[in-house]
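**Q** Predicted coordinates and the sequence they were generated for:
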Amino acid sequence: MIFSNLNNINVEFNIISYETGGKVEKNDVLMKNIPKTDLNETIIKKASKGTTLIKLGKKSPKLMITAGIHGDELPPQIASLNIINKVLNCNLRGTLYVIPFAIPYATMENSRRFNGTDMNRAAAKAGCLSNNLLKIIKMLKIDAVADFHSTKLRSNPGRQSVFCSKKPCIKSFKIAQHISENTPSELIFYKNAGLYYKGAFEDECNLAGIPAVTCEVVSENGVVDPGSPKKSYNQMMSFLNYFNMIR
C-alpha cells in the first residue's frame, strides 16, 4: 500500500476506495463543528475522492480508529479529526491509522446507508466497503481496531457505551474494560463475537483474530449534541492510552 505525504507535515494519506467519495463540506451541521485547520481542509478535500486512510507514526503497535461507517453519526467523525490534529506533533509509540470519514458520500447525505446497505452489517460480504476495510486491516497487520459511533436516545444502545466480546479475542474485552473504567461508558460484552450482530465491523475483526471494540456516544442522528464530540474524543484517547501510544 502506497501512502502520499503532505508537505512539511508528518502525516500520510491513502485513498482506499474511490466509489465512496463525497463532498462532506456540504454537510453544514458537520462543518460548523470542525475546527478550521489546513490539515482538516486537506482531509476534507481528499474525502471528495473517496475513503481516505490517514497514517501517523511508525513501527508497532499498529492501531486503527474508524468513524463514519454510518454517515449520519457525526460526533465521532468530528472527534477523529480532533485526534489527528492532537497526535500530529506527539511522540507516538507506534503507528496510528485513522479513517475519519469511512463513507464520505453517506456523510455528505447525512445517511446511515450507502447504496442501500448498512455497512456495519456487511463486513462479511465481499465487495462491500467494510469488508474491503477488513482486508486492508489484515494486510497492514493492525494490532487492534476501535470503531466509533453515536446513538440516539431510546435506540440501541441509546447510551454511552463500549461493545466488545471475550472470544475469540479476549483483548477486545480488556480494551473495552479499560475504556469503560476511564470514560463514563457502559461496558457491553458478549461471550462470542458474531452471535448478535451479523456482519458488524467490530465482530468481523474479532472473528479474524484482530481485537476490536465499538464505542458509542449519545447524539441524535444527523446532528451534534452538545459535548458529544468531546466524549467520543475521550473514548479514542482512552483506546490509545491502553497501548501507551502517546508519550
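**A** That came in fine, so what should we check first?
**Q** Model confidence at A124, what's the number?
**A** On the pLDDT scale, A124 is placed at 89.
**Q** now it: how far from E41?
**A** According to Cβ to Cβ, to the nearest Å, A124 and E41 sit 36 Å apart. In short, each C-beta sits where N, CA and C put it, glycine included.
**Q** Comparing those two, which shows the higher neighbour count?
**A** Between A124 and E41, A124 has the larger neighbour count (other Cβ atoms under 10 Å), namely 17 against 12.
**Q** Spit out the contact partners of the more buried one.
**A** 131, 198-199, 204 (Cβ atoms under 8 Å, 6 or more residues apart in numbering).
**Q** please redo it, this time with the cut-off set to 7 Å
**A** 131, 199, 204 (Cβ atoms under 7 Å, 6 or more residues apart in numbering).
**Q** Identify, from those, the entry nearest to I15.
**A** N131 (17.4 Å; Cβ to Cβ).
**Q** so which strand or helix has that closest one?
**A** Taking DSSP states H and E as the criterion, N131 maps to helix 129-140.
**Q** Go ahead and name everything in contact with that helix.
**A** By Cβ under 7 Å, 6+ apart, helix 129-140 touches 1, 16-17, 20, 51, 62, 64, 69, 97, 102-103, 114, 119-120, 122-125, 145, 201, 204-205, 208, 210.
**Q** In strands only, show me these.
**A** 16-17, 51, 62, 64, 97, 145 (DSSP state E).
**Q** Mind picking the two most distant members of those residues?
**A** Taking Cβ to Cβ, no two of the ones in strands among the contacts of helix 129-140 sit farther apart than S17 and K62, at 20.1 Å.
**Q** Identify the bridge partners of T66.
**A** Applying DSSP bridges to T66 gives these bridge partners: I99, D147.
**Q** Test my guess that it contacts D147.
**A** Yes - counting by Cβ atoms under 7 Å, T66 touches D147, with 4.8 Å between them.
**Q** Show me the common contact partners of those two, please.
**A** Counting by Cβ under 7 Å, 6+ apart, no residue touches both T66 and D147.
**Q** what's the weakest-modelled helix or strand in this protein?
**A** Ranking every helix and strand in the chain by mean pLDDT, DSSP states H and E puts strand 4-6 at the bottom, with a mean of 61.
**Q** just to revisit the earlier point, pipe the ones in strands among the contacts of helix 129-140 into TSV and attach neighbour count per row.
**A** Below are the ones in strands among the contacts of helix 129-140 laid out as TSV (neighbours: other Cβ atoms under 10 Å):
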residue	neighbour count
I16	17
S17	18
T51	28
K62	20
M64	25
Y97	22
V145	27
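**Q** Quick one: mean pLDDT over stretch 47-64.
**A** On average, stretch 47-64 scores 98.
**Q** quick one on the thing from earlier: buried residues in the helix holding N131, which are they?
**A** For helix 129-140, burial by neighbour count (16 or more other Cβ atoms under 10 Å) applies to 129-134, 136-137.
**Q** Could you measure from the residue most central in space within the chain over to G227?
**A** Of all residues in the chain, the one closest to the mean position by Cα atoms, centre = their mean is T66, 1.5 Å from it. Distance of T66 to G227, given as Cβ to Cβ: 22 Å.
**Q** Repeat that for M64.
**A** From M64 over to G227 the distance is 25 Å, taken as Cβ to Cβ.
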